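J.: Got a predicted structure here, sequence first:
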Amino acid sequence: MTQVYQSHPGGFHLTEDVQYLQFNQYSQFPELLHGVFTRQGGCSPEPYKSLNTSTPPFNPGDSIENVVHNRVLALQALDTAQYPCVTLWQVHGADSAIYTAQEEWRTDWANSSYYGQPWTPQSIRKADALITKERGTLLALSFADCVPILLYDPIEQVIALVHGGWRGTARGIIATTLATMEEYSGCKPHNIYAGIGPAIGPCCYEVSEDVRQLFLGQMPFETMPTNEHYRNLINEAAVFSTPTLPNKKSLRLDLQATNRNQLVRAGVTSEHIETMEICTSCNTDRFFSHRKEMGKTGRFPVVMGLL
Ligand SMILES: [Zn+2]
């Protein structure tokens, strides 16, 4: 993992630098650009302090102006503010969306020219993985405990940015995204590299028995049912533990390891998987954590693109 410090440009009065992390293994691919941002260096006030890139109504109290400015700051830190950028309406499902230049997409995730123009904060596309082989358009999603997974197939030159929360992971988002990449452009899992970013760790992620039953298929989701084709893979990949606490037993979910296991069981080689091993809940000075901050927090951005 490489940490990059970036001074922010002028405009808002900011007290910290925008920071982003990068996966070491991706430095071998100069055509691939990515940044996993911390919460630092933005302009949003508490409890969204400060690089919050998720818009109201999900974050009531922060302003659209702050959010868009934070998005611009993130892209400027990557030196990519001139590129169009697409996002998704993240719904905790297992569906992916393929960005192609031929289709109508909003590319204004960080469009600073929205000032004075009609602009809506939300993507109209509902999905939790964004796939493309288009060059020169960035992909962006926002996180606070859910697992960011960055996939790259250097043979077919296809990227995917995945939002792996517990619901999406229980629905097999990794397996379905890899299948979509193969269908879209012939991507073979053994050629694919995967980066697993900061997310809540098993140290902090206590879940209910219902969560385990949904993972194991002992209880169905009421909406967006799990594709039974992936049932065994999802079951085998799930990592739960039951540490004994002073007065009770606790059920913990290891979301990062579960997504890693899904990658391996779907055919991605272990040597191609790099995990940052950062718990967002243990590190709320650097990352937003929905659980630790009891929902009153922002979302940090992850950006990826092929240039
Ligand atoms: Zn933790």
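T.: Sure, I can see it. Numbers count the residues shown, from 1 in each chain.
J.: What ranges does this structure have for its helices?
T.: For the chain, the helices defined by DSSP state H cover 64-77, 166-170, 173-185, 209-215, 231-237, 255-265.
J.: Mind giving me the packing neighbours of the fourth one?
T.: Of the remaining helices and strands, those touching helix 209-215 by 3 or more C-beta pairs under 8 Å, 6 or more residues apart in numbering; DSSP states H and E are helix 166-170, strand 252-253. The way it works is simple: take the backbone N, C-alpha and C, and place the C-beta from them, glycine included.
J.: Repeat that for the longest one.
T.: With contacts defined as 3+ C-beta pairs under 8 Å, 6+ apart, the packing partners of helix 64-77 are strand 18-22, strand 32-37, strand 138-143, strand 300-306.
J.: With only the CA atoms kept, save the second one in CSV.
T.: What follows is the C-alpha trace of strand 32-37 in CSV, where atoms were taken according to Å, rounded to 0.1, in the frame of the first residue of the first chain:
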residue,chain,number,x,y,z
LEU,A,32,-4.6,2.3,-14.6
LEU,A,33,-5.4,5.2,-12.3
HIS,A,34,-6.9,4.8,-8.8
GLY,A,35,-7.2,6.4,-5.4
VAL,A,36,-8.7,5.2,-2.2
PHE,A,37,-9.3,8.4,-0.2
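J.: Name the residues that touch it?
T.: Outside strand 32-37, the residues that touch it by C-beta atoms under 8 Å, 6 or more residues apart in numbering are 4, 18-23, 26, 51, 74, 77-78, 80, 138, 148, 150, 152, 154, 159, 195, 197-198, 276, 300-307.
J.: from those, which are also near the ion?
T.: When contact is defined as C-beta under 5 Å from the ion, the contacts of strand 32-37 do not meet the ion at all.
J.: What's the PyMOL syntax to select whichever of those residues are buried?
T.: With 16 or more other C-beta atoms under 10 Å as the criterion, this PyMOL line picks the buried residues out of these:
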select buried, resi 18+19+20+21+22+23+26+51+74+77+78+80+138+148+150+152+159+195+197+198+276+300+301+302+303+304+305+306
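J.: will you turn the helices and strands packed on helix 64-77 into JSON lines that also has mean pLDDT?
T.: Output for the helices and strands packed on helix 64-77, formatted as JSON lines (pLDDT from 0 to 100):
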{"stretch": "strand 18-22", "mean pLDDT": "95"}
{"stretch": "strand 32-37", "mean pLDDT": "97"}
{"stretch": "strand 138-143", "mean pLDDT": "96"}
{"stretch": "strand 300-306", "mean pLDDT": "98"}
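J.: closest one to residue 259 among those?
T.: strand 138-143 (12.8 Å; C-beta to C-beta).
J.: got the contact list for residue 173?
T.: 93, 94, 96, 128, 129, 162, 163, 164, 262.
J.: 6 Å instead?
T.: 94, 128, 162, 164 (C-beta atoms under 6 Å, 6 or more residues apart in numbering).
J.: Return the backbone torsion pair for the nearest residue to it once chain neighbours are set aside.
T.: Setting aside the residues directly before and after it, residue 173 is nearest to residue 94 in space (C-beta to C-beta, 6 or more residues apart in numbering), at 4.5 Å. Reported as degrees, to the nearest 10, the phi and psi values for residue 94 are phi -120, psi 10.
J.: burial of residue 94, as a residue count?
T.: Neighbour count of residue 94, defined by other C-beta atoms under 10 Å: 29.
J.: Assess the claim that it and residue 171 are in contact.
T.: Yes. Assessed by C-beta atoms under 6 Å, residue 94 is found in contact with residue 171 at 3.7 Å.
J.: Give me the common contacts of the two.
T.: Contact criterion C-beta under 6 Å, 6+ apart; residues shared by residue 94 and residue 171: none found.
J.: Quick one: mean pLDDT for stretch 86-95?
T.: Averaging the model's pLDDT scores along stretch 86-95 yields 93.
J.: From here on, call the first residue 709.
T.: Yep, numbering from 709; the last one is stretch 794-803 now.
J.: what's the least confident stretch among the helices of the chain?
T.: helix 772-785 (a mean of 91).
J.: Kindly export that one (C-alpha atoms) in PDB.
T.: Provided in PDB are the C-alpha atoms of helix 772-785 (Å, rounded to 0.1, in the frame of the first residue of the first chain):
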ATOM      1  CA  ILE A 772     -24.600  19.500  -2.100                       C
ATOM      2  CA  GLU A 773     -22.200  22.300  -2.600                       C
ATOM      3  CA  ASN A 774     -19.800  20.800   0.000                       C
ATOM      4  CA  VAL A 775     -20.200  17.300  -1.500                       C
ATOM      5  CA  VAL A 776     -19.400  18.500  -5.100                       C
ATOM      6  CA  HIS A 777     -16.500  20.500  -3.900                       C
ATOM      7  CA  ASN A 778     -15.100  17.400  -2.100                       C
ATOM      8  CA  ARG A 779     -15.500  15.400  -5.300                       C
ATOM      9  CA  VAL A 780     -13.600  18.000  -7.200                       C
ATOM     10  CA  LEU A 781     -10.900  18.000  -4.600                       C
ATOM     11  CA  ALA A 782     -10.500  14.200  -4.900                       C
ATOM     12  CA  LEU A 783     -10.200  14.300  -8.700                       C
ATOM     13  CA  GLN A 784      -7.800  17.200  -8.500                       C
ATOM     14  CA  ALA A 785      -5.600  15.300  -6.000                       C
END
